[in-house]
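Enquirer: Predicted model follows, preceded by the sequence.
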Amino acid sequence: MKRDLLLLIKKYKVSLPSLNKEVLIDEELYDEISDFLPRSVTVPFAFPGFIFRYKTGTALDTDERKVEALKEEYGVRSILWEPPSFELYGDGIFLEPDYRFARETLVYSLINQPSSLVSVTRESVLLSIIAEPGWPEYSPITVLATLFYDVVDAFRVESQSFYPPGKSSMGIAFLHLKKPYPRIEEFYNFLKRLFLNRKKKVRVGSQKEEKRVDQMEPEELLELFETTNRR
């Protein structure tokens with residue numbers, strides 16, 4: 001698929017540096033991803049859009065030339081947008097983000113609450129999905145992923161699976177939505193404020209015990225939010 005990528009870049013006169021990401025070129029992984037995702041997907045940072053060989057859906061990208069290329073090459077709905085926020089079109093999300101917006105776009109992906117989400121990202125971001133309380137990577141992303149999603153699988157991907165290879169360690173995570181949470185964006189903003197001081201101690205539930213924010217379980221953080229933000 002490396003050859004396919006280079007042909008697309010040449011065909012549509014898109015400069016390789018403008019991609020701002022490592023592009024997955026492993027066909028076996030694409031087969032696995034396509035089996036996991038629902039029929040219709042939203043793809044932020046879609047060019048070159050290889051997933052659309054397997055799925056229908058909506059492509060989002062940041063450059064007008066890429067948007068037109070996606071529309072012409074795959075015949076899918078293609079939208080020019082400004083990251084990181086976006087709306088979900090379809091039931092699932094395939095996320096292979098621009099490195100500059102990797103965390104922010106993952107957050108918006110989780111907040112959109114797709115039925116299935118595949119995130120191909122740098123290992124440092126991947127760790128924030130699977131971290132546990134007390135880990136340096138434990139963050140609001142961890143809490144959302146743990147509470148509202150089943151992390152079906154998460155693993156490191158070899159550098160030769162990407163083009164260009166070897167820039168940084170990359171990983172992939174497969175997530176299924178457990179149950180939609182109507183206040184998820186409000187909850188995330190609460191967590192973001194709370195994690196500004198990770199070492200601050202907070203009283204847990206009705207008990208007198210206090211814990212540092214970064215050592216509280218996701219369920220405890222949700223209880224704290226719902227207790228202090230009653231409607």
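Expert: In hand now; what should we look at?

Enquirer: any idea how far the residue nearest the centre of the chain is from Phe195?
Expert: In the chain, the residue lying closest to the centroid (C-alpha atoms, centre = their mean) is Leu106, at 3.1 Å. To Phe195, Leu106 is 15 Å away according to C-beta to C-beta, to the nearest Å. Where C-beta positions appear, they are placed from N, C-alpha and C, glycine not excepted.

Enquirer: Across the sheet, point out what pairs with Phe94.
Expert: As for beta bridges, Phe94 partners with Val118 under DSSP bridges.

Enquirer: The helix or strand of the chain with the lowest mean pLDDT pairs with which strands, parallel or anti?
Expert: Within the chain, no helix or strand scores below strand 201-203, which has a mean of 83 by mean pLDDT, DSSP states H and E. If you go by DSSP bridges, strand 201-203 pairs up with strand 210-212 (antiparallel).

Enquirer: Quick check: what element follows the strand it pairs with along the chain?
Expert: Proceeding N to C from strand 210-212, the next assigned helix or strand is helix 218-228, under DSSP states H and E.

Enquirer: Check which residues of that next one are buried.
Expert: For helix 218-228, the neighbour count (16 or more other C-beta atoms under 10 Å) marks 218, 220-222, 224-225 as buried.

Enquirer: could those residues go into TSV alongside pLDDT and distance to Ile111?
Expert: Shown next, in TSV, are the buried residues of helix 218-228 (pLDDT from 0 to 100; distance: C-beta to C-beta, whole Å):
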residue	pLDDT	distance to Ile111
Pro218	97	16
Glu220	94	21
Leu221	95	16
Leu222	96	15
Leu224	92	19
Phe225	95	15
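
Enquirer: Run through the strands of the chain in chain order.
Expert: 23-24, 40-44, 56-61, 77-80, 92-95, 116-122, 149-157, 162-163, 170-177, 201-203, 210-212 (DSSP state E).

Enquirer: where does the protein have low pLDDT?
Expert: Along the chain, segments meeting pLDDT under 70 span 166-167, 205-208, 231.

Enquirer: switch to 80 and redo it
Expert: 166-168, 203-209, 230-231 (pLDDT under 80).
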